[in-house]
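Novice: from the sequence below, what's the structure:
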Amino acid sequence: MSIRLKIEMTRDFNTFRGQMESSLLNHNNSPDMKQRNQFFSFEHKKKALQPYPEFLKRLSMYFFIALLLVLISAMIGCLGYHYIGKLPWMDAFYNACMILTGMGPVAEMQTGTAKLFSSFYALYSGIAFLSTIVIFLAPVIHRLMHVFHLEEQEN
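Specialist: Prediction:
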């Protein structure tokens, strides 16, 4: 490759990169994106505290996201225990819920495949349970930290 070709390729790449960056900046600054990100982003510590009704809206949205994660996790466990572990639906649901909440398995798995599913579901459930708690508590913790920062700024 000649030096001239390398320079042209570098120039073309830099032009392409610049176009992509400006495209992304314009997309992120659009009114639609700002409105969409409003629910998932928290206010900066130097900005005013969010009004209580708005905080309750945000908290309820995060609650429903956490609830959705729990329902999907329970459904995965229920289907796995029913089809892989050969448990009846009620026992599969019960076992999935007990694993998901950290209480431990109720029914013993008989086959190697069922034991593998049970093991991986238990690992997943621990992470999912902790993630659910974090998702739900994130707005509350942020609000408390924001209040502390506002008090610190006043002093």
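
Novice: make it CA atoms for all contacts and neighbour counts henceforth
Specialist: Noted.

Novice: quick one: end-to-end distance for stretch 78-97.
Specialist: Using CA to CA, to the nearest Å, the end-to-end distance of stretch 78-97 comes out at 8 Å.

Novice: in that stretch, which residues are buried?
Specialist: Going by neighbour count (16 or more other CA atoms under 10 Å), the buried part of stretch 78-97 is 78-82, 84-87, 91-97.

Novice: also stretch 133-148?
Specialist: Of all the residues in stretch 133-148, those buried under the rule 16+ other CA under 10 Å are 135, 136, 137, 139, 143, 146.

Novice: which non-adjacent residue is nearest residue 102?
Specialist: In space, residue 102 comes closest to residue 126 once its chain neighbours are excluded; the distance is 7.0 Å by CA to CA, 6 or more residues apart in numbering.

Novice: helix or strand for the one you found, which one?
Specialist: helix 112-154 (DSSP states H and E).

Novice: shaky segments in the chain?
Specialist: Applying pLDDT under 70 to the chain flags the ranges 1-46, 149-155.

Novice: please redo it, this time with the cut-off set to 90
Specialist: Counting by pLDDT under 90, the chain has low-confidence residues at 1-62, 101-108, 110, 129, 135-155.

Novice: no further questions, thank you.
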